[in-house]
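> no FASTA, just this:
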C-alpha cells in the first residue's frame, strides 16, 4: 500500500468519524396545531405515550392516590438556526382523590399560575394531563412572519415522575474530610462510570411540524 | 571462574526479572483476591438491599389500602355526623326560621372541622351558614349530604362541608414518592454494580501498576547493587586486588560490600607481609652464605699477618715500618669484615618468636635500665613515657628488646651523624582499641619522604657506618609478632617509628 493510498484511507476514516459525530438530530416528528391568538402563539399536542394504558404500574399508581407528575419542557426553534428561540415549561400533576372520589389534574404553567380540573373518568383525566391544549409557547411579536419563512418548530421533552437528584449529595457537607471524603470521591467516580442515569420513570421526546406566522 | 562471572545472564535468568516477576505475581494475587472479595461484598449487600427494598415496597403496598380504609371510615363518620345534624334540624323544621338558624350556628360552633352547612327545609328558602376559620385556606373540602328520609321527612335536605387536614394526604404522597424512589434505585442497581466493578477494576489496575513500578525500581536498585558487587568480585578474581566495591548503602548488600572491601584490605596487607618476609628470608639466606664464606678465611688471614709481623727480620727499618703499617691495615680490614660477618650472622639467625604475655611497662623499664647507655652523653636524653595503666601484650621479651635497641640505636646514631647537638629520643606508648602502639621518635635528620617505603628493606641505609640491617630486623621481628611497623615524621623534628602490637585483654586482678 503506497503512502498516498494510506492517506486516502485515513481521510475516509476521519470523515466517517466526523459524520457520525455530526449526524442530524433524530427526534420523532409529531403533528401539532399552532394558532396565533392575540400576541400569543399556542400549540396543541397530545403525548399519550407518556402514560400509556398498557403500563399497569403507571395506571395503578394513579388509582392508588399517589400523584403522578408530568413535566413538559417545550423549546421553540427556528428552522436552519441552532439555538432556542423560547423555552417554557408545564408541570402537570394527576392523582385520584379518595375523599372526593374523582381524578384531579393540576397544571402549572410557567408564568401563568395553576389550574385544577376534576374528572370522574380516569381516561379523560389522563388525556387532559398528557395534552398540551392551546399552550402558549411564544409571543407572536417576538417571531418573524411570512409564508416564505422564517419557519419554526417546537421540541418537547416530557418526563413522567422525574427522579430527584441522588440524595447522596444531600449530606455532602458532612463528608468533607476523612473517610467521608473518600466515600464522596468514590461515589463521584461511580456516578461518572454509571452508564445511564435515569431521569424519570419514562421520557418522551418529540419535535413538531414546522409552522410560520401568517403575514399581516 | 572469571569467564563465568563475566558471562551475560539472559533477561529471564536475572535476579531482577525474577524479583519483578515475583512482585507482579504477588500483586496480581493480592489485587485479584481483593477484587474478588469486593465483588462478593457488593453482591452480598445487593442481596441484603434487595431484601430491604422488598420490605419497603411491602410497607408502601400495605399503606395504600390502609389509607383507603382510613378515608372510607372518615367519610362514614362525616356522613353519620351529617345525618345527626339532619335529625336536629328535623326537630325544629316546623318552628320559626330563627330556631333553625340557632341550631345551625350551634352546630357550626360545635363542630370545629365544619366549613359550611346548607339546610333545605320544606317551604322555606335554603339557609346557609359558613364558618370563618383560618384552617380553610390549608384544608381540603369534603361535601357530605343527608336527607330526612330515614326520619320520615324526605323533603328535609342538609349539605355539610367538612375541612380535611391535607397533612394526611401529603404524608400519603410522601409514601408514593418513596415507592418511586425505591423502584428507580432498583432499576439503577445493575448499572451501579457495573460502575462499582469498573471503579474497583480501575483502582486495582492503578494499585497494581504502581506496585509493579515500585517493585521494578526496588528490584532494579537491589540487583544493580549485586551486579556492581559481582563486577568487583570479577575484577578481583582476574587479579586486580586493588579493586574495591563502592558504597552500597547501609543494607545487607552494603554490609557485604564493606566486609568484602575489608577482606581485600586484609588480603592485601597479608600479601605485602608475606612478600616482605619472603624477601627477608632470601636476604637472610644470602647473608648466611656470605658470612660463612667470608668468615672462614678471616682467621687464616689474621694468623698469616701476625706471622708476617712476627717473622720480621728487622734488617731494614723502612721495611719494618712498611710491614707494620700493612699488617695493621689488613688487621683493621679483617676486623671490619668480622664485624660485618657478625652483623650478617645476626641478621641471618634472627630467632623464632616465642609469644608470651609481656607487661609492657616492665619491658620498657628493663630496656631503659639495660640500654640507657645508648644516650650516655650528658646532653643526650632518652625520654621514657610509660603507659598510664597496666598493659599486657603478646610478644617475645628478648626480641622486643632487640627491636627497641635497634630503633633507639638507629635514632641516636643518625642524630649524632647529623650533628644535631643534643640527641632527644622519646619512647612512649599509645592505646588503641584492640592494640597498643610503641612509639620511638627522635630529633634527628628524619627520613626523606621518598624513602619512607624502602626504609625497612635490607641494606637500605643513609648512615656512613650502617649496614642497613637493623630496621629490616625490626620489621621482621614485628611481623613475626603479627604486628605492623611504619615510619612517619615526628614532632621532635626527626623520624617516628610506630610499632603496633596486639594487646591481651587485661584480666581482673592481674596486678594482684
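Everything's here; your move. Just so you know, these numbers come straight off a predicted model, no measurement behind them.

> Surely residue B:471 touches residue B:454?
No: using CB atoms under 8 Å, residue B:471 makes no contact with residue B:454, being 10.1 Å away. (Glycine included, C-beta is placed from N, CA and C.)

> wait, residue A:67 sits on residue B:179?
No: with contact defined as CB under 8 Å, residue A:67 does not reach residue B:179; the gap is 11.6 Å.

> Mind telling me what element the most centrally placed residue in chain A is part of?
What sits nearest the mean C-alpha location of chain A, by CA atoms, centre = their mean, is residue A:157, with 1.4 Å. Per DSSP states H and E, residue A:157 falls inside strand A:152-162.

> after that strand comes which helix or strand?
Next along from strand A:152-162, by DSSP H and E: helix A:178-193.

> The residue nearest to the centre of chain A contacts residue A:70, doesn't it?
No: assessed by CB under 8 Å, residue A:157 is found out of contact with residue A:70, at 11.4 Å.

> Mind splitting the chain into its structural domains?
No chain was given, so I picked chain A. Taking automatic domain parsing as the reference, chain A has its domains at A:24-163+A:199-208, A:166-197.

> that's the wrong chain, I meant chain B
According to automatic domain parsing, the domains of chain B span B:2-59+B:172-234, B:86-170, B:252-349, B:351-504.

> residue boundaries of the strands in the chain?
Defaulting to chain A. In chain A, the segments counted as strands under DSSP state E are A:29-30, A:33-37, A:40-46, A:68-78, A:86-97, A:102-109, A:113-119, A:131-139, A:152-162, A:200-208.

> You answered for a different chain; I wanted chain B.
With DSSP E as the criterion, chain B has strands spanning B:114-120, B:127-130, B:139-148, B:153-165, B:356-359, B:381-384, B:392-395, B:424-431, B:435-442, B:484-489, B:495-504.

> Between those strands, which one is closest to chain A.
Among the strands of chain B, the nearest to chain A by CB to the nearest CB is strand B:139-148 (5.0 Å).

> and that closest one with strand A:86-97, angle?
40 degrees (axes from the mean of the first three to the mean of the last three CA atoms, to 10 degrees).

> Next, the angle from strand B:139-148 to strand B:114-120.
30 degrees.

> contacting residues around whichever residue of chain A sits closest to chain B?
Nearest residue of chain A to chain B: residue A:66, at 2.8 Å (CB to the nearest CB). Contacts here follow CB atoms under 8 Å, 6 or more residues apart in numbering or on different chains; on that basis residue A:66 touches A:95, B:172-173, B:175-177, B:179-180.

> Of these, which belong to helices?
B:172-173, B:175-177, B:179-180 (DSSP state H).

> Please produce JSON lines containing these, extended by neighbour count.
As requested, the ones in helices among the contacts of residue A:66 are exported to JSON lines (neighbours: other CB atoms under 10 Å in any protein chain shown):
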{"residue": "B:172", "neighbour count": "23"}
{"residue": "B:173", "neighbour count": "16"}
{"residue": "B:175", "neighbour count": "19"}
{"residue": "B:176", "neighbour count": "20"}
{"residue": "B:177", "neighbour count": "16"}
{"residue": "B:179", "neighbour count": "20"}
{"residue": "B:180", "neighbour count": "20"}
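
> Residue in the stretch 351-500 of chain B with the shortest distance to chain A?
Nearest residue of the stretch 351-500 of chain B to chain A (CB to the nearest CB) works out as residue B:433 at 54.7 Å.

> Residue numbers of chain A in contact with chain B?
Applying CB under 8 Å from any CB of the partner chain, we find that chain A lies next to chain B at A:61, A:64-67, A:95, A:97-100, A:161, A:163-164, A:167, A:186, A:189-198, A:201.

> measure the nearest residue to residue A:61 once chain neighbours are set aside to residue A:214 for me?
In this structure, residue A:61 finds its nearest non-sequential neighbour in residue A:68, 5.8 Å apart by CB to CB, 6 or more residues apart in numbering or on different chains. According to CB to CB, to the nearest Å, residue A:68 stands 38 Å off from residue A:214.

> who's more crowded, those two?
residue A:68 (23 against 9; other CB atoms under 10 Å in any protein chain shown).

> Distance check, that one against residue A:74.
With CB to CB as the criterion, residue A:68 and residue A:74 are 19 Å apart.

> Kindly report the same for residue A:10.
When residue A:10 is compared with residue A:74 (using CB to CB), they lie 44 Å apart.

> in the chain, what spans have low per-residue confidence?
Here I'm looking at chain A. Applying pLDDT under 70 to chain A flags residues A:1-4, A:18-25, A:165-178, A:196.

> was after chain B, sorry
B:1-7, B:133-139, B:147-153, B:374-376, B:505-512.

> show me where it has helices.
B:2-6, B:15-92, B:97-110, B:166-237, B:252-310, B:317-348, B:360-371, B:397-417, B:470-480.

> how far off strand A:152-162 does the fourth one point, in degrees?
To tie it back to what came earlier, the one meant is helix B:166-237. Using the same axes, to 10 degrees, helix B:166-237 lies at 90 degrees relative to strand A:152-162.

> helices and strands around helix B:166-237, which ones?
Here helix B:166-237 touches helix A:56-63, helix A:178-193, strand A:200-208, helix B:2-6, helix B:15-92, strand B:139-148, helix B:252-310, going by 3 or more CB pairs under 8 Å, 6 or more residues apart in numbering or on different chains; DSSP states H and E.

> Next, the contact list for residue 78, please.
Going with chain A. A:85, A:144, A:150-152.

> look at chain B instead
Counted by CB under 8 Å, 6+ apart, residue B:78 has contacts B:142, B:144, B:160, B:162.

> Pull the most distant pair out of those residues.
B:142 and B:160 (9.1 Å; CB to CB).

> When the two are compared, which one has more neighbours?
Ranked by neighbour count (other CB under 10 Å), residue B:142 and residue B:160 place residue B:160 first, with 25 against 19.

> Excluding residues flanking it in the chain, which one is nearest residue B:294?
residue B:341 (5.2 Å).

> And for that neighbour, the neighbour number?
Residue B:341: 19 neighbours (other CB under 10 Å).

> ditto for residue B:89
With other CB under 10 Å as criterion, residue B:89 counts 25.

> and the spatially closest residue to it that is not a sequence neighbour, what does it touch?
Using CB to CB, 6+ apart and skipping residues adjacent in sequence, the residue nearest residue B:89 is residue B:119, 5.6 Å away. Contacts for residue B:119 (CB under 8 Å, 6+ apart) come out as B:89, B:100, B:104, B:126-128, B:156-158.

> Spatially, which two of those residues are the most separated?
Largest pairwise distance in the contacts of residue B:119, by CB to CB, is 15.0 Å, between B:128 and B:156.

> Could you check which of those two is surrounded by more residues?
Shown here are residue B:128 and residue B:156; by other CB under 10 Å, residue B:156 has more neighbours (20 against 12).

> tally of neighbours for residue B:295?
Here the number of neighbours of residue B:295 (other CB under 10 Å) works out to 16.

> could you measure the residue nearest to it when sequence neighbours are not counted against chain A, distance?
Distances taken as CB to CB, 6+ apart put residue B:341 closest to residue B:295, at 4.7 Å, once the chain neighbours are dropped. Taking CB to the nearest CB, to the nearest Å as the measure, residue B:341 falls 96 Å from chain A.

> residues touching the residue nearest to residue A:205 when sequence neighbours are not counted, list them.
Once flanking residues are discounted, residue A:205 sits nearest to residue A:157: 4.9 Å by CB to CB, 6+ apart. By CB under 8 Å, 6+ apart, the contact list for residue A:157 reads A:72-73, A:75, A:203-205.

> No further questions, thank you.
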